[in-house]
Every structure is written in structure tokens, then in C-alpha cells.
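Asks: structure, please.
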Amino acid sequence: MAKFQYRMQNILNIKMKLEEQAKIAYGLASQKYQAEQKKLQEMLIRRIGYEKQLRSTMEGDLDLRKVRNAKEAVDSMRVLIRRQMVEVHKAEREMEDARIALSNVMIERKTHEKLKEHAFDDFKKELRDTESKEVDELVSYTYNAR
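Replies: Residues are numbered from 1 along each chain as shown. Prediction:
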């Protein structure tokens with residue numbers, strides 16, 4: 001019996017490897033996005049703490065140096081938060097690009113798998129036709145031999 005051999009199997013294998021690499025890249029981009037998001041949350045919590053500290057220094061006896069230091073701490077945290085927001089958006093864009101690349105690679109792999117299925121179906125049809133022809137020849141031979 002004939003054995004099915006897909007002639008573009010090496011391309012399908014490459015597509016599968018590319019898909020695995022794209023999955024890894026997407027996972028790394030997702031982890032980076034999560035880490036940047038976590039940093040932003042921590043900065044927001046620290047800013048709230050500095051704002052509370054500023055409010056507490058404004059109550060009672062005013063120490064101008066403590067008030068100025070607390071205000072500078074709040075202002076510097078706001079700047080750091082803005083920078084971190086830019087990093088979060090950049091990581092989000094990278095993650096989205098990796099997701100799109102993964103999606104495209106998956107589509108290519110699925111296309112090649114469909115082509116392989118069609119080639120296998122054609123192979124089975126050709127095999128059935130060959131077997132049918134052999135059976136017809138055998139029946140014809142035995143009928144004519146009588």
C-alpha cells in the first residue's frame with residue numbers, strides 16, 4: 001500500500017516553529033506589560049502616601065522646609081508616573097504587535113494544514129481509484145477467462 005507523503009511538510013514544520021516562537025514573543029511582551037503595569041500601580045500608591053504626608057505637614061505648626069520637601073516629593077512622583085504611563089503604553093503596543101504577529105503566523109500554519117488535508121484527501125481518492133481499477137481488471141480477467 002502506498003504511503004502518504006506531503007511534499008510541503010518542511011514548510012509546515014517551519015510554520016509550526018515560527019508559531020512557537022511567536023507564542024514565546026507574545027508571552028514575553030505580555031509579561032513585560034504586566035510588570036510595567038505593576039510598577040505604575042506601585043507608583044500611584046506611593047504618590048497617595050506622599051500626598052497624605054503633604055496634607056499632614058500642612059496641619060498644625062507649619063515647617064516650611066517639610067512642606068516644600070513633601071510638595072517636591074509629590075511633584076517628582078507625578079513626573080515619574082507620567083514617564084511610567086508612557087512605558088506602559090509602549091509595552092502595550094509591543095504586546096499588541098506580538099499578538100498580531102502571532103495571529104498572522106497561526107493563519108499561515110492553519111492554511112498549510114488545510115493544504116495538507118486536501119492533499120491527503122486527493123491521495124485517498126487516487127488510491128481508491130487505483131484499487132477500483134485493479135478490482136475491475138481482476139473481475140474483467142476472471143470473466144474473460146471463463
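
Asks: so how far is the helix or strand bottoming out on mean pLDDT in the chain off the chain centroid?
Replies: Confidence across the helices and strands of the chain bottoms out at helix 64-145, with a mean of 93, counting by mean pLDDT, DSSP states H and E. Between the mean C-alpha point of helix 64-145 and the mean C-alpha point of its chain there is a distance of 8 Å (CA atoms, centre = their mean, to the nearest Å).

Asks: by contact count, what packs against that helix?
Replies: Judged by 3 or more CB pairs under 8 Å, 6 or more residues apart in numbering; DSSP states H and E, the packing partners of helix 64-145 are helix 9-58. C-beta here means a position set from N, CA and C on the backbone, and glycine is covered the same way.

Asks: now the angle from the helix it packs on to helix 64-145?
Replies: Note on geometry: by axes from the mean of the first three to the mean of the last three CA atoms, to 10 degrees, helix 9-58 and helix 64-145 are set 160 degrees apart in direction.

Asks: quick check: mean pLDDT of helix 9-58?
Replies: Here helix 9-58 scores 96 as its mean pLDDT.

Asks: for it, packing partners?
Replies: Helix 9-58 sits against helix 64-145, with contacts defined as 3+ CB pairs under 8 Å, 6+ apart.

Asks: what about the nearest residue in space to residue 11 that is not next to it in sequence, neighbour count?
Replies: Computed as CB to CB, 6 or more residues apart in numbering, the closest residue to residue 11 that is not its neighbour in sequence is residue 112, at 6.2 Å. Other residues near residue 112 number 19, with proximity taken as other CB atoms under 10 Å.

Asks: could you find the closest non-adjacent residue to residue 7?
Replies: Counting by CB to CB, 6+ apart, the residue nearest residue 7 is residue 119, at 7.7 Å.

Asks: skipping adjacent residues, who's closest to residue 66 in space?
Replies: The spatially closest residue to residue 66, leaving aside those adjacent along the chain, is residue 57, at 4.7 Å (CB to CB, 6+ apart).

Asks: what's the neighbour count on that neighbour?
Replies: 19.

Asks: just the buried positions in stretch 110-121, please.
Replies: With burial defined by 16 or more other CB atoms under 10 Å, the residues of stretch 110-121 counted as buried are 112, 116, 119.
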